[in-house]
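Enquirer: Predicted structure and sequence below. I'll ask about it afterward.
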Amino acid sequence: MTINLLMENMSGINKRQQNELIKLYGPNSVEVEVKSYWSLFVNEVFNPFYLFQIFSIVLWSLDEYYQYATCVFILSAGSCIMSLYQTRKMSIMLHKMAGSTSSIAVSVVRPGRIPGVAREECVVAASRLVPGDVLVLPPAGCIMPCDALLLTGTCIVNESESVPVMKGPPNMSTEVYSTDTHKRHTLFAGTHVIQTRFYGNNQVLAKVVRTGFYTAKGELIKSILFPKPFGFQFYKDAVKFVIFLFCIAAIGMAYSIWLYLQRGSSLGTIALRTLDIITIVVPPTLPAAMTAGTVNSQRRLRANKIYCLSPPRINVCGKLQVICFDKTGTLTEDGLDLYAVIPCWETGQTFGECVVDVTSLPVTSPLLQALASCHSLTSIDGELTGDPLDLKMFEFTRWILEEPGPENTRYDNLAPAVVKPATTNESALQNLDDLDQLAMEIPYEIGLLRRFHFSSTQQSMGVIARVLGQPQMVYFVKGAPEKVAGMCKPESLPTNFSSVLNEYASNGFRVIGLAYKKLDRKMKWVDAQRIKREQLESDMVFLGLLVMQNSLKPETAEVIKDLHKANMRQIMVTGDNIMTAMSVARVCGMVPPHQKLVLVSLAQHTHAEGRPPLCFEVVGEGGTPKFPGEAYALAVEGRTWNILKHHYPDLLPHVLHKGTVFGRFGPDQKTQLVTSLQDENWVVGMCGDGANDCGALKAAHIGISLSEADASANLSHFESIVAVAAPFTSHEQNIRCVKQLALEGRCALSTSFAIFKYMALYSLIQFFSILILYNFYSILGNNQFLYIDLVLTTMLALSLGRAGPGPTLTAHCPPVSLVALSSTVPLTLQVVLVLLLQLAGVYLLYAQAWFTPVEGGPDVEQVLCWENTVIFIISSFQYLILACVYSKGLPFRQPFCSNYSMVATLIIQCVFVIICLMCPWKAFGDFMELESLKHDNPSQNLFRVYLLLIPALHLILAIAIEASITYALLSDNDKFSAIIRLARHGCATKPMEEPPPATPTHSLWMHTLRTPAHPC
């Protein structure tokens, strides 16, 4: 729907139309249901994890394994209670965040039912608002119950936690309305309208455009309730591996059934022993152990003021490959310092000297008038608020802003605001042109009649003003210098316009252009309110440049340097000037000194037919870039990006692989860039301050919002909800959080990987132990099971998860695939080694002259025997050894010795197992169901010493496997990848057109130079 169609009907809709539209759109409600604990409990219990837990507890109880069954029941109940509490807490938080509109009453306009009355005002429940309703906004403000387009008047709206903004109605045009494009004219649901301002007795009206979950607030709530599914390779492989473990369990079950049937055992014994295999091979504690590393990482992040709404994303941070940064407020300071004003005194001449003191400008000069008038500042409780750039600019003028109330009739209620010098030089006022001598007593003031607010698409803002006593109005405009220059008469531009602009922009300054235009003397206030912006922004006179200094944050350069060392690609995507962005990229180190920047732009001369030609220019050198392509990084503007997407889709992958600086990008284009990078199979992060980065933050795999809002805050504003919609929120307003997340992500991913492999081997160790003991008419005792499952393995797994992140980011990421050769080969060798050493222990036992095997029978399951003791001791050492092997620290985690809980656990448990082997006294041996020490049998005691050789050998071989095999496979990873790519290429029916990421950009230049292009 166009702007004209939305603004032409200000009488709203009647009640019958409202009822019909409610049937179509539903009630205006963003309600989040807070379920009862019972409903949550029912849903939680039917989770496959808890069903498996219940199955295991019942099975263990039937097998009289009450101790472990009770412990698992208590742990599962505690986990379930905590899960219910956290889920309900999140539901309550979202419910409060969404807010309830059902009890709010609002005023709307209806078509008049009495002849001669065009419209009438009535009160309705906010829940019955529908698109097409016209809201009457109260002067004292309100909380917006829906998304609405402002039709008349102006509003001061608090959309963020720092700077209120002023919004006004759009110009009449045939442009299609969009909440993204016209956000400066749209009031979003959940935002706080602080004040409304109107002229005379006119009302401030806004037309409802979206309601309920279709509003911006509703969409964000939906994205939190139903997040976009994200398939991480580690989680996919974990599911595959669990299925593989079930297959192994099936083999073990088949062997157990065959073994017990051969013995003639009872069906009850066969069923218990067979089903017990499942709980051994797939341990019920696996999910809890897997979250140990993530939980500890989340705790450490919270200590660093980084809050996480989606803990699984912490592991994803470990594979972060590309990180996109906003510039202002992220890489650079949010505030701007005014550096200078560069005036253009005479038409067609060069720029004048830089002005750093306002007293150097004549008080009546159009340039000073533009600096004092062209802004969106407003006074709230006696304090000026608005855009930081506008504040700095206005403070430079040393003028004051007055906003008259309704009782003020100096301008017949036509001027909502007045600016004037704080001190007036009377002699300067004698030079006012066309000043009526009878009006010399009128003070020197400028009334701001109408503001055209800044828009990221138009890249400018304007104001219609009038000097008190002057016979005509003046239109001032400020914005992107290129945009402002296009509005001006060519003869009014300085001859050195481009060179001066490029000089300041390339040195990192933010440059704003200023221009003005005297309007027709016949134009009245009514005409000023109706005129279209396009009619004003032509044939203007250029006034000069406003140069603002935006310094880097102290932490930026250091973090960028660390990310470079980690081979993590950085991209700057900003709405600022491309030259300024390239300068900041150079200064912060995003573009290294040895690398040249190539600006991809549209050629000045275009062809009527075919696609628009592109131009490649080496920044600072000029001319077409030479080879090799690796020495270049690309810089792209927003309009060039659009051309690339529509006319050069074959070049887009090359631009994505080599692009580093993206300037003059709107919010939608930022989102497009992030999704395009994701299409190249990269794990992409986005770090921004949340203002124009909402879409990109939500689209990225890792969205990091620099905001003081978090899930525990009282979130009633739109931007606060945006901050919560991002997976991560940093309270520290700098990019150090990116490095911290990468460190914690790599630590969590490495820890999860190690814990998963350890838990898998723990299951297989116990699987082999049980099958071997089944074969010798024995089984592990309840206390032995309890020690292995609860004390030994659980403590080791939890201790593994307590390892902190490594001190620095390395060039390599931790492995992510559980089915890769670098993971499966060492794991398979460890499994084979475990089985062989257990069999070696049994073989050594049977070689002893004093040993007597257990006498078998259909239902014989003897616990206290030498077979049981040998297998228990060897398997216990195996759990300790493999925990030690997988607790490797550097480079992704702290050194092994720094994990004090792990070291302490290993020492204590190792001493305990040695005691079980070497000197188990009678009471202790009976409790653990082990063969006790007999002083009168030296052969048995010597055999105990021999058994210690098996764990020693296991430790040496296990470390050798993990160190040598894993290193060899990881070092040859590129070779394996190349072989796989070659095989896929050979099998493909069509050759690949897209080169790999590391391919030089030779083809890019050659392909582009074959298209119509012009040297720059």
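Expert: Received it, and whenever you're ready, just let me know what you need.
Enquirer: Help me confirm that residue 339 is found in a strand?
Expert: Yes: checked against DSSP: H, G, I helix; E, B strand; the rest coil, residue 339 lies within a strand.
Enquirer: Next, the contact list for it, please.
Expert: By Cβ atoms under 8 Å, 6 or more residues apart in numbering, the residues touching residue 339 are 356, 509, 547-549. All C-beta spots, glycine's among them, are computed from the backbone N, C-alpha and C.
Enquirer: Filter these down to the buried ones.
Expert: Buried subset of those (neighbour count, 16 or more other Cβ atoms under 10 Å): 509, 547-549.
Enquirer: Which residue is the nearest non-sequential neighbour of residue 64?
Expert: Once flanking residues are discounted, residue 64 sits nearest to residue 782: 7.3 Å by Cβ to Cβ, 6 or more residues apart in numbering.
Enquirer: Can you spell out which residues form a bridge with the residue nearest the centre of the chain?
Expert: The centre of the chain sits closest to residue 703, judged by Cα atoms, centre = their mean, with a distance of 0.5 Å. Taking DSSP bridges as the rule, residue 703 bridges to residue 686.
Enquirer: looking at it, it is touching residue 686, isn't it?
Expert: Yes: contact criterion Cβ atoms under 8 Å: residue 703 and residue 686 qualify, at 5.3 Å.
Enquirer: list residues touching both of those two?
Expert: With Cβ under 8 Å, 6+ apart, residue 703 and residue 686 have common neighbours 696-697.
Enquirer: Among the contacts of residue 339, name the ones in strands.
Expert: 509, 547-549 (DSSP state E).
Enquirer: still on that earlier bit, let's have the buried ones among the contacts of residue 339 in TSV, adding pLDDT and distance to residue 539.
Expert: TSV is the format used below for those (pLDDT from 0 to 100; distance: Cβ to Cβ, whole Å):
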residue	pLDDT	distance to residue 539
509	84	28
547	91	26
548	87	27
549	83	32
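Enquirer: Dump the residues you listed into JSON lines; add distance to residue 831 as well.
Expert: Listed next are the buried ones among the contacts of residue 339 as JSON lines, based on distance: Cβ to Cβ, whole Å:
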{"residue": "509", "distance to residue 831": "63"}
{"residue": "547", "distance to residue 831": "68"}
{"residue": "548", "distance to residue 831": "64"}
{"residue": "549", "distance to residue 831": "63"}
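Enquirer: Among those residues, which one lies nearest to residue 647?
Expert: residue 509 (32.8 Å; Cβ to Cβ).
Enquirer: which residues touch the closest residue to the closest one other than its chain neighbours?
Expert: Distance criterion Cβ to Cβ, 6+ apart; nearest residue to residue 509, sequence neighbours excluded, is residue 547 at 5.1 Å. Counting by Cβ under 8 Å, 6+ apart, residue 547 touches 338-342, 354, 504, 509-512.
Enquirer: run the last query once more with 7 Å
Expert: With contact set as Cβ atoms under 7 Å, 6 or more residues apart in numbering, residue 547 has these partners: 339-340, 342, 504, 509, 511.
Enquirer: Looking at strand pairing, list the partners for it.
Expert: Residue 547 has these beta-bridge partners by DSSP bridges: residue 340, residue 511.
Enquirer: Give me the distance between it and residue 359.
Expert: Note on residue 547: its distance to residue 359, by Cβ to Cβ, to the nearest Å, is 18 Å.
Enquirer: now do residue 522
Expert: Counting by Cβ to Cβ, the gap from residue 522 to residue 359 is 36 Å.
Enquirer: From the buried ones among the contacts of residue 339, pick the one nearest residue 23.
Expert: Nearest to residue 23 among the buried ones among the contacts of residue 339 is residue 548, at 52.5 Å by Cβ to Cβ.
Enquirer: In this model residue 391 seems to touch the closest one, though I could be wrong.
Expert: No: when contacts are counted by Cβ atoms under 7 Å, residue 548 is not listed as touching residue 391 (11.4 Å).
Enquirer: Outline the domain layout of the protein.
Expert: In terms of domains, the chain is parsed into 3-30+102-225, 37-99, 283-304+742-853+861-969, 321-333+552-700, 337-422+443-549 (source: the TED database).
Enquirer: List the residues that contact the residue lying closest to residue 651 once chain neighbours are set aside.
Expert: In this structure, residue 651 finds its nearest non-sequential neighbour in residue 644, 6.1 Å apart by Cβ to Cβ, 6+ apart. The contact partners of residue 644, taken as Cβ under 7 Å, 6+ apart, are 651-652, 655.
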